[in-house]
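[1] Structure for this input, please:
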Amino acid sequence: MTNSLNTNAQWEAAATRARNVAVPKKHSRRWWTRAWIVLAVVSAGVLGFSLTSWIVPTGENGRLEFVPSRLAMQSTLTAVVVLVVLYGVFWGSVTERLVERSSTIMSALSRTEKRSVRRQLAGREPVDETRLPIVLAIGRQSQRLTEGSLPLFLAYGLLYVTTEIGLVDSSAPYRPFFSIALALLFVACAAYMAVTYLKTARFIQAHSTHLSAANP
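    You can find the predicted model right below:
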C-alpha cells in the first residue's frame with residue numbers, strides 16, 4: 001500500500017512538472033535577431049584572432065606570410081570548439097533544451113518507473129494508458145534534451161580531431177588503438193542517440209493520435 005502511494009505521488013509530481021514545461025518561453029524575432037548579431041560579432045572576433053596564428057613574419061623586410069602549421073590549425077579548431085560550446089549553451093538554455101537533470105519530468109520518478117518509461121518509449125513494453133499523457137510529455141522533453149546536446153556532441157568531435165592533429169607524430173604504440181577506440185565510441189554514441197530519438201518520435205506520433213482520438 002505504501003509503495004503504491006509513493007508511486008502515485010511520484011507520478012503526480014511528474015504530471016506537475018509536465019504541465020510546467022508544456023509551453024516553453026518564446027522570444028520575439030527582434031530579440032533573436034539581436035542575439036544572433038551579438039554572437040556573430042563575437043564569432044568574427046574569436047575566429048579572426050585565432051587566424052592570426054597562421055600569419056608569421058618571414059624575416060625579409062618585415063613581410064608577413066600565410067603559413068599553415070599544425071599549431072595554427074589546432075588553435076583555430078580550438079576556437080571553433082569554444083564557439084560551438086557557447087552557441088550550444090546559449091541556444092539550449094534559451095529554448096529550454098538544456099536543463100538540470102534534477103528538474104526534468106522523469107527525475108520525479110523512481111528508478112524502476114524510469115526504466116519502464118524508457119522501455120515504453122522504445123516500444124519494448126506495453127503502454128500504460130492511464131499515464132500516457134505524462135509518458136508523452138517525457139518523450140517530448142527527451143527529444144528536446146537530445147537536440148540540445150547536439151552542439152556539445154559536435155564540440156567533443158572537433159576536440160577529438162584537434163587532439164589527433166597534435167598527436168600525428170606520436171610514437172606511442174598504443175595511440176592508434178586508443179584513437180580507433182575513441183572514434184568507435186563516438187560513432188556508437190551518435191548511433192544510439194539517433195535510434196533513441198527516432199523510436200521516441202515514432203512513439204509520440206503513434207500515441208498522440210491515439211490519445212486525441214480517445215479524447216475528442
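[2] count of residues packed around Ile180?
    When neighbours are counted by other C-beta atoms under 10 Å, Ile180 registers 10. Placement of C-beta: from N, CA and C, glycine included.
[3] quick one: contacts for it?
    The contact partners of Ile180, taken as C-beta atoms under 8 Å, 6 or more residues apart in numbering, number zero.
[4] so where does it fall, helix or strand?
    Ile180 belongs to helix 175-214 when assigned by DSSP states H and E.
[5] Now do the strands in this protein.
    Counting by DSSP state E, residue ranges of the strands within the chain are 55-57, 64-66.
[6] Val84: neighbour count?
    Taking other C-beta under 10 Å as the criterion, the count of residues near Val84 is 20.
[7] Give me the pLDDT for it.
    At Val84, the model reports a pLDDT of 88.
[8] For it, give its distance to Gln10.
    Remark: distance between Val84 and Gln10 (C-beta to C-beta, to the nearest Å) = 37 Å.
[9] Next, the distance between the ends of stretch 92-99.
    Terminal residues of stretch 92-99 are spaced 8 Å apart (C-alpha to C-alpha, to the nearest Å).
[10] Which parts of that stretch count as buried, going by neighbours?
    Within stretch 92-99, the residues scored as buried using 16 or more other C-beta atoms under 10 Å are Gly92, Val94, Arg97, Leu98, Val99.
[11] Restricted to helices, list those residues.
    Among the buried residues of stretch 92-99, DSSP state H puts Gly92, Val94 in helices.
[12] can you redo the buried residues of stretch 92-99 as TSV with distance to Leu150?
    What follows is the buried residues of stretch 92-99, written out as TSV (distance: C-beta to C-beta, whole Å):
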residue	distance to Leu150
Gly92	9
Val94	15
Arg97	9
Leu98	11
Val99	15
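[13] With pLDDT and distance to Arg30 added, can I get the buried residues of stretch 92-99 in a markdown table?
    Below are the buried residues of stretch 92-99 laid out as a markdown table (pLDDT from 0 to 100; distance: C-beta to C-beta, whole Å):
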| residue | pLDDT | distance to Arg30 |
| --- | --- | --- |
| Gly92 | 85 | 21 |
| Val94 | 82 | 14 |
| Arg97 | 83 | 22 |
| Leu98 | 82 | 23 |
| Val99 | 82 | 25 |
